[in-house]
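Chemist: pasting a predicted model and its sequence here:
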Number of protein chains: 2
Amino acid sequence: MRLVVVGGVAAGLSAASRARRIDPSLEIVVLEKGERISYGACGLPYLIEGQAKSIEQLTVYKPEFFERERDIRIRTRAEVTAIHHGRREVVLADGDRVKYDRLVWAAGARPRKPPEYKDNPRAFVLHTDRDAERLQAFLNEKRPQTAMVIGGGYIGLEMAGVLRARGLRVTLCQDTTDLLNREDAFLTGALLQHLHRCGIEVRMNTRAPSEPGTDLVLCAAGLQPNTAIPAEAGIEIGRTGAIRTNERTETNLSGVFAAGDCAETAHIVSGRPVWVPLGTTANKMGRVAGANAAGRRERFPGIAGTSIVRIGGLGVALTGFSELQARREGFSPAVARIHGPDKPKYFFGHGVQVELVADRSSRRLVGGCIVGEEGVLGRINVIATALAGRLSVEDFGNVDLGYAPPYATAMDPLLVAAQQLLRLLD
Amino acid sequence: MRLVVVGGVAAGLSAASRARRIDPSLEIVVLEKGERISYGACGLPYLIEGQAKSIEQLTVYKPEFFERERDIRIRTRAEVTAIHHGRREVVLADGDRVKYDRLVWAAGARPRKPPEYKDNPRAFVLHTDRDAERLQAFLNEKRPQTAMVIGGGYIGLEMAGVLRARGLRVTLCQDTTDLLNREDAFLTGALLQHLHRCGIEVRMNTRAPSEPGTDLVLCAAGLQPNTAIPAEAGIEIGRTGAIRTNERTETNLSGVFAAGDCAETAHIVSGRPVWVPLGTTANKMGRVAGANAAGRRERFPGIAGTSIVRIGGLGVALTGFSELQARREGFSPAVARIHGPDKPKYFFGHGVQVELVADRSSRRLVGGCIVGEEGVLGRINVIATALAGRLSVEDFGNVDLGYAPPYATAMDPLLVAAQQLLRLLD
């Protein structure tokens, strides 16, 4: 029995490792089209920033680890060009064919690079280790003074901050009225204020010019899932544009699973399919795909779309739905927004902003966001956990959060926001 | 219609404020036996430490605020000596009588001071603002060199750290085998190691000597709820020794509610009555008592016993049940303990220790603890929220926690611990 995994980063390696743990007798082959496996692409902006010193620091495991410790065969530079499910085999770019009994497609996503920048030697994307090396070399050799960052998602924001910190004059260009892909005026407003303080010029609701006139152009205009080859093999693509999977992460082809940035999954609040390519989801979804490919029956409950970004010392995090998104999903939202201290003054507490969104009819919490200098991750994670537990606003307002003066206020801003929300639901 | 609230700190003022918001026509009187209201007693160790400079910094509101802004009458130095429920009145120490229609008893708890230290001028407790003033004066004037701290609960631990930081030679004496009132060898072990590093001598399982021979003795041997007066009035006391309340925080006497450090409540995991006197519970339970006293029907879901303490830079937090406690409560516990980085190395991640406890038969998470230098509060709060949501270990392991390299690792130690726990449940 052979399991073939296509993709050697987060989802693929999680799937392979989990399958091995469940079935020691399974033959497992991972096919990775690049040269490296298991590196944390989320760390690439911090490599450019200089916080991480080398791509090796972003690499979790080397192929030898998987071969030796987990008896998983790793083939790098092995690009899959076709799936022949009838014959249970994949075809590689070099013509080689690899048979499978079970297949996990974890081929990720790739950045959208607007065609007008295709041949522009000053235009970069930041998606792979090679992209980072190229951008780093350009920055060090050409010493650009000005940069345009196209896209106000998390990579765009992180990179705007990183380039600004490296001394460039930075303009961020976003073609919608929202940042961080969240229709949320509160969040976008807080970010715009902060970007202004950081000295980053922002053009909202503006299409990027085809000839920006800056020394450097960074395209962070979103990703697209790698679905062409599975689609050709008859694997169903969902409305989100990513591979459709059931709650076991299986595609419409029996024995073929998909996980990570190429696959859609359920939103934990609405139950509807969503596509939010993030490394954390890839790890977890990959584990479930690997378990099911090894014969277990496991369920991936879906995601809340939690993300966090740091820019110029400020943490901005979100989970679940904003008010507008909640309305579009058929909820009847109520929203509380507060600003409060995260610690007592005598422990130098900072202000933290909290937005909580609830559904009036079910009285359930459906989303939230946090903006602040400290304690942002902890608080967004509490909201994400409340979404997983389908907590009502009442119950959320009574969660027994910890308190001691060096860490928090007696009524955490999360609970204060919940109380405000409760009054709106009365 | 008059609401009388006995106790002018966390629970009492939360109750009064909430009742006012619900019913603008209610007459509300708060009776406080001390001179100050609304101060954060949890901050007292940090006043001794010098982090907080004055008792005023611990005070949230002055009486005038409640009188003026909330139309709540505050009587300080008003000690209640009896409740005559038949006549719906309380009797004060000065002989005055105050009529009520509804009563909220929020008279708190007081420290146990072993009788052998009663007349020892070098022996102190730290419970009220006055206690802090006396201890501070003694430290500044007598310059003690050695201290014995009696009790390894959170006040004992915080004060051992504070006195050590002030340069005293400190011995901590605990009469059981556990610290932080949790039968948890993992937690106690981590604390003992750290106390040793801080240069604090610890005597476990040792009764405090009646004549310690140190320059200073700090008694932090636990609290006892102020229940004598309600008990005399026929208010039922629960098995925990605190006032018995139903889920609406009402006592067995109709129209008489109890909240905060004098009252027991339900444990959110077991549903059984527990008594864990903490300011956060007092705030929340007080709110519910105030709402019900003002005619609403609200439910307090109970507590998980979450607490966090900082000592010498280390954060130690717990929630729900330890393995031993879970077994005693009739669960069949499985435990995972891991040690992992809380952030990537290139962001100077620290190690964090995670203990998670689950019930084998229901597969539900029932408790956990966290020890580390950073991110301790956020992680314990995630576990506390999972307990409120009654999450299974599977679902907990798939919670969509946020990730970005400046804040976390792609697989948070919480999720790694959950995966380990899952393997034990297989």
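Modeler: Now that the structure is in, tell me what you want to look at. Because the structure is a prediction, the values reported are computed rather than measured.
Chemist: when you work out contacts or count neighbours from here on, use the C-alpha atoms and nothing else.
Modeler: Fine.
Chemist: closest residue of chain A to chain B?
Modeler: Ranking the residues of chain A by distance to chain B (C-alpha to the nearest C-alpha) places A:Gly378 first, at 3.7 Å.
Chemist: I'd like to know how many residues surround that residue.
Modeler: Using other C-alpha atoms under 10 Å in any protein chain shown, the number of residues around A:Gly378 comes to 22.
Chemist: between helix B:376-388 and the helix or strand harbouring it, find me the angle.
Modeler: In the assignment (DSSP states H and E), A:Gly378 maps to helix A:376-388. Interaxial angle, helix A:376-388 versus helix B:376-388 (axes from the mean of the first three to the mean of the last three C-alpha atoms, to 10 degrees): 10 degrees.
Chemist: show me what helix A:376-388 is packed up against.
Modeler: If contacts are counted by 3 or more C-alpha pairs under 8 Å, 6 or more residues apart in numbering or on different chains; DSSP states H and E, helix A:376-388 sits against strand A:314-320, strand A:365-372, helix B:376-388.
Chemist: make TSV out of those and add mean pLDDT and distance to B:Arg122.
Modeler: TSV is the format used below for these (pLDDT from 0 to 100; distance: least, C-alpha to C-alpha, whole Å):
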stretch	mean pLDDT	distance to B:Arg122
strand A:314-320	97	48
strand A:365-372	98	45
helix B:376-388	98	35
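Chemist: helices of chain A, start to end?
Modeler: A:10-22, A:44-49, A:55-58, A:63-70, A:129-142, A:154-165, A:185-197, A:228-232, A:279-293, A:323-328, A:376-388, A:393-397, A:413-425 (DSSP state H).
Chemist: Serialize the ones you listed to CSV and add fields for distance to B:Glu298.
Modeler: Shown next, in CSV, are these (distance: least, C-alpha to C-alpha, whole Å):
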stretch, distance to B:Glu298
helix A:10-22, 45
helix A:44-49, 49
helix A:55-58, 51
helix A:63-70, 54
helix A:129-142, 56
helix A:154-165, 41
helix A:185-197, 31
helix A:228-232, 54
helix A:279-293, 38
helix A:323-328, 27
helix A:376-388, 20
helix A:393-397, 9
helix A:413-425, 12
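Chemist: ok, of those helices, where does mean pLDDT dip lowest?
Modeler: Mean pLDDT is lowest for helix A:55-58 out of the helices of chain A, coming in at a mean of 84.
Chemist: just the buried positions in it, please.
Modeler: Buried residues in helix A:55-58, defined by neighbour count with 16 or more other C-alpha atoms under 10 Å in any protein chain shown: A:55, A:58.
Chemist: hmm, who's touching that helix?
Modeler: Contact partners of helix A:55-58, identified using C-alpha atoms under 8 Å, 6 or more residues apart in numbering or on different chains, comprise A:39-41, A:43-44, A:47, A:52, A:129, B:345-346.
Chemist: not counting sequence-adjacent ones, nearest residue to A:Phe186?
Modeler: Nearest non-adjacent residue to A:Phe186, counting by C-alpha to C-alpha, 6 or more residues apart in numbering or on different chains: A:Glu355, 7.9 Å away.
Chemist: so the one you found touches A:Gly372, yeah?
Modeler: No. Counting by C-alpha atoms under 8 Å, A:Glu355 stays clear of A:Gly372, with 11.8 Å between them.
Chemist: who's more crowded, the two?
Modeler: Neighbour comparison, A:Glu355 and A:Gly372: the larger count goes to A:Glu355, with 25 against 22 (by other C-alpha under 10 Å).
Chemist: enumerate every residue touching A:Ile72.
Modeler: By C-alpha under 8 Å, 6+ apart, the contact set of A:Ile72 is A:16-17, A:20, A:27-30, A:66.
Chemist: with neighbour count as extra columns, can I get those residues in JSON lines?
Modeler: Shown next, in JSON lines, are the contacts of A:Ile72 (neighbours: other C-alpha atoms under 10 Å in any protein chain shown):
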{"residue": "A:Ala16", "neighbour count": "32"}
{"residue": "A:Ser17", "neighbour count": "19"}
{"residue": "A:Arg20", "neighbour count": "21"}
{"residue": "A:Glu27", "neighbour count": "18"}
{"residue": "A:Ile28", "neighbour count": "24"}
{"residue": "A:Val29", "neighbour count": "21"}
{"residue": "A:Val30", "neighbour count": "27"}
{"residue": "A:Phe66", "neighbour count": "17"}
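Chemist: quick check, nearest of these to B:Gly389?
Modeler: B:Gly389 has its nearest neighbour among the contacts of A:Ile72 in A:Ser17, at 29.9 Å by C-alpha to C-alpha.
Chemist: now A:Lys53: closest residue in space that isn't a chain neighbour?
Modeler: Residue nearest to A:Lys53 in three dimensions, not counting chain neighbours: A:Leu47, with 6.1 Å by C-alpha to C-alpha, 6+ apart.
Chemist: mind listing what that neighbour touches?
Modeler: So A:Leu47 contacts A:53-55, A:132 (C-alpha under 8 Å, 6+ apart).
Chemist: which residue lies nearest the spatial centre of chain A?
Modeler: With distances taken as C-alpha atoms, centre = their mean, the residue of chain A nearest its centroid is A:Leu278 (2.3 Å).
Chemist: hang on, A:Leu187 packs against A:Cys369?
Modeler: Yes. Look at A:Leu187 against A:Cys369 with C-alpha under 8 Å: they come within range, at 7.3 Å.
Chemist: comparing those two, which residue is more hemmed in?
Modeler: Neighbours were tallied for A:Leu187 and for A:Cys369 using other C-alpha under 10 Å; the higher tally belongs to A:Cys369 (28 against 24).
Chemist: show me the beta-bridge partners of the closest residue to that one other than its chain neighbours.
Modeler: The shortest distance from A:Cys369 to any non-neighbouring residue, by C-alpha to C-alpha, 6+ apart, is to A:Leu318 (4.2 Å). With DSSP bridges as the criterion, A:Leu318 is bridged to A:Ser307, A:Cys369.
Chemist: who's in contact with the residue nearest to the centre of chain A?
Modeler: A:260-261.
Chemist: distance of A:Leu179 from A:Gly320?
Modeler: Distance of A:Leu179 to A:Gly320, computed by C-alpha to C-alpha, to the nearest Å: 15 Å.
Chemist: higher neighbour count, those two?
Modeler: A:Gly320 (29 against 23).
Chemist: wait, that one sits on A:Ser307?
Modeler: No. In this structure, A:Gly320 is not within contact of A:Ser307 by C-alpha under 8 Å, at 9.8 Å.
Chemist: how about the residues of the stretch 1-150 of chain A by chain B?
Modeler: Within the stretch 1-150 of chain A, the positions lying close to chain B (C-alpha under 8 Å from any C-alpha of the partner chain) are A:42-43, A:51-53, A:57.
Chemist: and these, which of them are buried?
Modeler: Buried members of these, scored by 16+ other C-alpha under 10 Å, are A:42-43, A:51-52.
Chemist: now render those as CSV, adding pLDDT and distance to B:Phe331.
Modeler: Below are these laid out as CSV (pLDDT from 0 to 100; distance: C-alpha to C-alpha, whole Å):
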residue, pLDDT, distance to B:Phe331
A:Cys42, 87, 41
A:Gly43, 90, 42
A:Gln51, 92, 46
A:Ala52, 91, 46
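Chemist: what does the stretch 251-400 of chain A put close to chain B?
Modeler: Residues of the stretch 251-400 of chain A lying close to chain B by C-alpha under 8 Å from any C-alpha are A:279-281, A:283-284, A:300-310, A:317, A:345-347, A:375, A:377-382, A:384-386, A:388-391, A:395-396, A:398-400.
Chemist: quick one: residues contacting A:Ile380.
Modeler: By C-alpha under 8 Å, 6+ apart, the contact set of A:Ile380 is A:306, A:317-319, A:368-370, B:401-402.
Chemist: quick one: pLDDT of A:Tyr61?
Modeler: For A:Tyr61, the pLDDT comes out at 79.
Chemist: pull the number of nearby residues for the nearest residue to it once chain neighbours are set aside.
Modeler: Spatially, and ignoring its direct neighbours in sequence, A:Tyr61 is nearest to A:Ser38 (5.8 Å; C-alpha to C-alpha, 6+ apart). If you count neighbours by other C-alpha under 10 Å, A:Ser38 ends up with 19.
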